[in-house]
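A.B. asks: Sequence and predicted structure below; questions after.
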Amino acid sequence: MNKILVLIFGFAISCNSSQKTIVEKNEPKPTQDFSRVYAATITEDELKEHLYIYASDEFEGRETGKPGQKKAVDYLKTEYEALGIQAAKANGDYFQKVPIEISKVPQGTLDTNGKAFAVGEDILTFSSAIGTYKNIVYVGYGIEEENYSDYANIDVEGKLVLIKSGEPKNEDGTYKVSGSTKKSIWSNMSEAPGKRFELATQKGAKGILYYDSQNYARYNRYFEFMKTNNSGRMELKAEYSNQFNILLNKKAAMSILPTIESDEGSKNLDVTVKLDIESGNTQIDSENVAAIIRGTTKPDEYLIISSHLDHIGVTSDGQINNGADDDGSGTVALLEIAEAFKKAADEGKGPKRSVIFLHVTGEEKGLLGSKYYTDYQPIVPLSNTTANLNIDMIGRIDPKRTGDRNYIYLIGSDKLSTELHQLSEEINTIYTNIELDYTYNDENDPNRFYYRSDHYNFAKNNIPIIFYFNGTHEDYHRPGDTPDKINYDLLKNRAQLVFHTAWEVANRPNKILVDKPIITK
């Protein structure tokens, strides 16, 4: 699971539940017997055999772009070839290349009013920025809501904008955005910068100068870590552009606008800023792995079952983070689910809809593989994708949890589709009777797990999802996440639940109904 905080841009979605659900076991309908037959082919022994290989030291922690990750994708390809499951891409290639670049710490200066401010001292940025800009546009807090806008009657198209953190207040001390004493998301240290950058970009800004004294020290620590370790930030190459963001400390910000701390009105500034910041990027070679079983009667409708194939690699002192649970457990479960569907197909009981088995790269670097798939190069049309079932960590037990050990956390099943949520509950009742725990489905969950695994890139495109998750534990993102600590009976039960749910989604008469779509501006 990705440990990087993902910036969220104000999706108004609700319908969550924090209660735990235990359901009574019912007899299956005659038409559902085949699901039980093929789910039984998912066994503890086969899951264990796969995982002891996939999460072995030989795979070196499967870090994105490293040799261990190459061994992982080759293993997956070999397994699908052995099963006789064809590649999802039309050209027969199991690999979908994901263009990733890693940005190195930049060097250079920002010059204004005869003063030079160096990167890493008074300014911070993680990208190059070259050029001379006149008539800088100050947009105050850089906020736009229904009842308030810093962009009203001012043009920022193609210009450099100056923004400060925080949000405006009324004379009585209440906040203008919320209309109360409660701060809005624009004051959130983690999410507000991303919202401001996105909004300014939408308005056509060429670049952003951002004064945020609270976040400056935080980002400076990250900058120094990158500099010391000669590391950089991985991003999709497709997302690099000439637009840039530069974080200012108080000294640099006041050189451009001395009254910035008290000045709230948007206006054009008669000041020239010269940027001479260069950064060298390195291309990373990485790929998703995708296989498919074609549908018998609805081959142009697709169910995608996903897991991430990468992990965090080797520590600085040489210890290997094997990632048996994260996400070796999801990866081997997906292989076993694929095998079950293939056995059904070989016996003339193949799914009506096509089922894609998608192993994505770069999840630990910011959901990069799934983002590339959904936002840039989907193998099949998103409009024809009926659902995504995402598996990320299903082999362990959350030590913070009490109750039946035979449980699974479900996240997101009701966010977009009431029908998918009900179907999931019914299938569990009929087949597996696992305790379905919705603790982390709560929209107010501070962990924000809904936004931290690959299903989110499908959900933001209004594709119904279910995220299957066992919770974190003491070995999360540590060398102790090894195959010997996996509960293989639980891994089997959870994998079978995903299979039964997938079987129903793939074979039901109609596509899953989206009755609570995300509304974006």
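C.D. replies: Arrived safely. Residues are numbered from 1 along each chain as shown.
A.B. asks: Tell me where the stretch 151-300 of the chain has helices.
C.D. replies: 192-202, 213-229, 250-256 (DSSP state H, counting those that start in this stretch).
A.B. asks: Which among the ones you listed is found nearest to Pro351?
C.D. replies: helix 192-202 (38.6 Å; Cβ to Cβ). Quick note: C-beta positions are derived from backbone N, CA and C, even for glycine.
A.B. asks: quick one on the thing from earlier: now the helices of the stretch 151-300 of the chain as TSV including distance to Ile284, mean pLDDT and mean neighbour count?
C.D. replies: As requested, the helices of the stretch 151-300 of the chain are arranged in TSV below (distance: least, Cβ to Cβ, whole Å; pLDDT from 0 to 100; neighbours: other Cβ atoms under 10 Å):
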stretch	distance to Ile284	mean pLDDT	mean neighbour count
helix 192-202	23	93	19
helix 213-229	15	85	14
helix 250-256	32	97	19
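A.B. asks: Which among those is found nearest to Tyr376?
C.D. replies: Nearest to Tyr376, of the helices of the stretch 151-300 of the chain and by Cβ to Cβ, is helix 192-202 at 17.3 Å.
A.B. asks: Output the contacting helices and strands for that closest one.
C.D. replies: If contacts are counted by 3 or more Cβ pairs under 8 Å, 6 or more residues apart in numbering; DSSP states H and E, helix 192-202 sits against strand 160-164, strand 207-211.
A.B. asks: Give the other helices and strands that the first one contacts.
C.D. replies: Meaning strand 160-164. For strand 160-164, the packing partners by 3+ Cβ pairs under 8 Å, 6+ apart are strand 129-138, helix 192-202, strand 207-211, helix 250-256.
A.B. asks: would CSV of those with distance to Gly328 be doable?
C.D. replies: Conversion of the helices and strands packed on strand 160-164 to CSV gives the following (distance: least, Cβ to Cβ, whole Å):
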stretch, distance to Gly328
strand 129-138, 40
helix 192-202, 31
strand 207-211, 39
helix 250-256, 46
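A.B. asks: Ok, which of those comes nearest Thr64?
C.D. replies: helix 192-202 (21.9 Å).
A.B. asks: ok, now which ones touch the residue lying closest to Asn406 once chain neighbours are set aside?
C.D. replies: Closest residue to Asn406 apart from its sequence neighbours, by Cβ to Cβ, 6 or more residues apart in numbering: Ile434 at 5.6 Å. Shown here is Ile434, whose contacts under the criterion Cβ atoms under 8 Å, 6 or more residues apart in numbering are 406-408, 428, 493-494, 497.
A.B. asks: So which of the residues you listed are in strands?
C.D. replies: Restricting the contacts of Ile434 to those inside strands, with DSSP state E as the criterion, leaves 407-408.
A.B. asks: so Asn447 touches Tyr440, yeah?
C.D. replies: Yes. At 6.3 Å, Asn447 counts as touching Tyr440 under the criterion of Cβ atoms under 8 Å.
A.B. asks: Hmm, Asp484 and Asp475 touching each other?
C.D. replies: No. Assessed by Cβ under 8 Å, Asp475 is found out of contact with Asp484, at 11.0 Å.
A.B. asks: Neighbour count: these two, which is higher?
C.D. replies: In this comparison of Asp475 against Asp484, neighbours counted by other Cβ atoms under 10 Å, the higher total goes to Asp475 at 18 against 9.
A.B. asks: Distance of the residue at minimal distance from the centre of the chain relative to Leu110?
C.D. replies: In the chain, the residue lying closest to the centroid (Cα atoms, centre = their mean) is Leu367, at 3.8 Å. Taken as Cβ to Cβ, to the nearest Å, the spacing of Leu367 relative to Leu110 amounts to 31 Å.
A.B. asks: With Leu275 instead?
C.D. replies: Shown here: Leu275 relative to Leu110, a distance of 6 Å by Cβ to Cβ.
A.B. asks: Give the residues shared as contacts by these two.
C.D. replies: Residues touching both Leu275 and Leu110 comprise Ile246, with contact defined as Cβ under 8 Å, 6+ apart.
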